[in-house]
Every structure is written in structure tokens, then in C-alpha cells.
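Q: Kindly return the folded structure for what I paste below:
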Amino acid sequence: MGDPNILLGFILSIILLLLVSQRSLTLAMFLAAFTLGMIAAPNSLSTLLIGLLLDPSAIALALTVGLIPLIGEVMSETGQMDRLIENMRIGRRAFLMLSPALIGMLTMPGGALLSAPIVDRAGGNLPRGEKAGINVWFRHILYLVYPISANFIVATEAANLELYRPIPYLTVLLLLSLFLGYMFLLRRCHGRIEYERRFSLKDLIQPMIILLLAPIMDASIRAFLNPQVKEAGTFIAVSSSLALAIIIGGVKPSDLRKMAVKAKPWSFAVMMIGIIFFLEVFRSSGIPELLRDLPLSPSIIYCIAFALGFSTGRIITPAGIIFPIYISRFGSISPLRFALIYYGIFLGYVLTPVHPCVSLTIKMLKTEVKDYMKVMIPPVTAAALISLAALYLLS
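A: Numbers count the residues shown, from 1 in each chain. The predicted model follows:
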């Protein structure tokens, strides 16, 4: 089985990662990397870190992840998302699906507090537990397919997959999630939303362009220019989206500084460096060779992924653990299997009260954890059984 100290170091690093990540994911990633590295690869630890800091792909990726929350902060502070929501003239059910989903695309702390009041108002006389379920389920549903997010970028990086390859399969899981959300959460909701202001096409389209510009531009750069450092194209695309948000919002330099202080883009960039560092140490530690002999089936790995999503209330941390383990065991992962296991993490993540969005939503809507769990367990269970069965049939 190899050196038991290496396996012990890996277990210790994972425990530290899970515990410390509840306070600081950045600190957790660096601490886990140094712990594993000092035990398993002490001679190459400094070389790995220096090489990472000199790697254009890693730096571009870190800068990209840093800019994403700043886009959300700019759009929120300038009222662009409010105007987008206000001008979606659609039925109540569609509104309850789309409004939290669109707000959820803004990566910012406490974002659930922005969508919860909208769901509360639009949900009318629905029970508060159902409103909480609607807010959390649909708020995170676009995480499955929106590639310009830290969760998705980290997961595909950990799985050694090109950023856009899993999206067709995740789109199927998105449709499944929409169906289950409708069946379990929205069937009792009827009617249309009453709006106070006149419809504005400009206020509808401008924020949508900002949100869609980055993924469309990134995909175009990759397809037509094929840059040597693909992450540089992603950085250019995200920077363009941020610049457009600033221009449309009429943001002054002094206001942008305040927004940057609030969004803390540097903390996200450093976090990304920590994640890549942990992955590099893991790959160089000898752990992949040890895990190759363990009797881990894809179905077992799926269950571990779900459990990690539930226990951490995150997507990034489980993704940084589970996909390297899968690759160590099986050599590589197909986009379809990636999508199913990523979905397992997602389902644990939206169910757990450890997830800050869940706890904030419950508090904002004045409901209780038991009411939230009662509403969420049926769709999560159905989705988990369907996706786990699909993964089992592929094995």
C-alpha cells in the first residue's frame, strides 16, 4: 500500500481542510497543502510554490476568480440587478424561478439576503418553509451551467477538464432540477406579479448583456483565437464584463474603490492560488498512486461528494478533494461522470443548514430549519437517486 505516513498526511490535511475552511477557505487550502507537502513531498514543496507563482495560467486564473465578485458588487450597488428583476414581466412561477437564479449569479457574501425578500413578496401566501426552499434551490441552480464562477472554475481545474466540456451534461441536470423544483416547490403557486413601474427594455437588456458577455466572449476567444494560455482569454472576458458593468452603472473611481473594499477581490484571488497549490502538492505527494488501489467505485465517490457538500456547506472544498481522488483511482474523468458527481456536491450543498445561504434565508424569512428540511428533502432525494442511478449504470 506504500508509505503509511503519506496516507496519514493526506488524511490529516483533509481534516484540516474541512475544519479550517469553515472560517477561512484560503487559510485552509494553504494549511492543508503545507501539511501534506511537509509529510509527503518536503523537498519539492518550495519548488511547487515558486513554479505556481510563475505560472501564467495560474496567475490568470486567480485574477479571473478575483474579479468575479467585484462584478456582482458593482451590479448590486448600482441597482442593475434590481432593474433586471423589475422588468421581467412573466408569470409568478417563472418569476420565482428566475429572480433568485439571476441574483445568485452575483458572487457576493450574504447574497441570499438580496433574493429572499423578493421571493417572500412574490410568493404571496405560500408557507415560509416553501419560500425558503424556493430561494435556496433556484438561487443556486445556475451554478450548474454558468462557467464564469469560482465553483465551476475550481471544479473543472481539479478534474483536469476543459472549462466548457461538462456543460451539455450539466444542462440536462439543470432541466431535471427545474422540473423537480417546479413539482415539489412551485405547483401551488399561481397568478402574475403586480408591478409598480412601467416596463423598460433597456433596463432588462443591459444587465443581461453584462452577465452573458463573459461566457460568450470567453468561449469565442477559445474557439477562434485558441490562445496558448486559455485562462488569459477568460481573464480578458471577465475584465470586459466588469468594465461594461462599471460603464453602464456610471461608477466613479472613488465608488469603485469602496466597492472593491467591500467585495475583497484579492481574497478570492489568493484563495485560488491556495487551491491550485493544494492540487499541485496532492499530485506530487504520491497519494494518487496509493488511492489507485482502494476499492472506490464511482457510486461510492458520489456518496462521499454529497456528504462533503452537506458537511462543509461549500462546493469548492469538496470539489478540490473529490475530483483528485477520482482521477487517482480511475486515471481520468469523463465530462458526464464529472457532471453527475458535481451534481452530488451541489445537492448536499443546497440541503445543509451549514450553508450560509440556507441559514440566512431561514433567518430572513422567519422560518425554522425543520420546515426548510421538510420542504427540501423530497426534491434533493429524488435528484440524488436519479443522478446516482445514472452514474451506477455508467459504471
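
Q: alpha carbons only for contacts and neighbour counts from here, please
A: Noted.

Q: list the contacts for Pro166?
A: Contacts of Pro166 were listed using C-alpha atoms under 8 Å, 6 or more residues apart in numbering, and they are 335-336, 338-339.

Q: which one of the residues you listed is nearest Ile248?
A: Proximity of these to Ile248, judged by C-alpha to C-alpha, is greatest for Ala339, which lies at 35.0 Å.

Q: Leaving out the residues flanking it, which one is nearest to the closest one?
A: With C-alpha to C-alpha, 6 or more residues apart in numbering as the criterion, Ala339 has its nearest non-adjacent residue at 5.5 Å, and that residue is Leu170.

Q: quick revisit: quick one: which of the contacts of Pro166 sit in helices?
A: Counting by DSSP state H, these place 335-336, 338-339 in helices.

Q: and of those residues, the nearest to Ile322?
A: Taking C-alpha to C-alpha as the measure, Phe338 is the one of those closest to Ile322, at 10.3 Å.

Q: Not counting sequence-adjacent ones, nearest residue to Met97?
A: Of all residues apart from its sequence neighbours, Phe138 sits closest to Met97 (C-alpha to C-alpha, 6+ apart), at 5.6 Å.

Q: Centre-most residue in the protein?
A: Nearest to the mean C-alpha position of the chain, counting by C-alpha atoms, centre = their mean, stands Asn151 at 3.1 Å.

Q: Centre of the chain to the helix or strand where that residue lies, how far?
A: Secondary-structure assignment from DSSP states H and E places Asn151 in helix 150-158. Helix 150-158 sits 8 Å away from the centroid of its parent chain (C-alpha atoms, centre = their mean, to the nearest Å).

Q: same question, stretch 283-293
A: Mean-position distance between stretch 283-293 and its chain equals 27 Å (C-alpha atoms, centre = their mean).

Q: tell me the average confidence for it?
A: Per-residue pLDDT values over stretch 283-293 give a mean of 82.

Q: in that stretch, what's buried?
A: Burial within stretch 283-293, assessed by neighbour count using 16 or more other C-alpha atoms under 10 Å, is assigned to 284-288, 290-292.

Q: Among those residues, which are located in helices?
A: Restricting the buried residues of stretch 283-293 to those inside helices, with DSSP H as the criterion, leaves 284, 287-288, 290-291.

Q: of all those, which two lie farthest apart?
A: Using C-alpha to C-alpha, the pair of those lying farthest apart is Ser284 and Leu291, separated by 13.2 Å.

Q: on that earlier part again, please name the residues that touch the residue nearest to Met97.
A: Contact analysis of Phe138 by C-alpha under 8 Å, 6+ apart lists 96-98, 100-101, 181.

Q: circling back: could you redo the contacts of Pro166 as CSV and give each row neighbour count, pLDDT and distance to Arg121?
A: As requested, the contacts of Pro166 are exported to CSV (neighbours: other C-alpha atoms under 10 Å; pLDDT from 0 to 100; distance: C-alpha to C-alpha, whole Å):
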residue, neighbour count, pLDDT, distance to Arg121
Pro335, 19, 98, 39
Leu336, 18, 98, 38
Phe338, 24, 98, 37
Ala339, 25, 98, 34
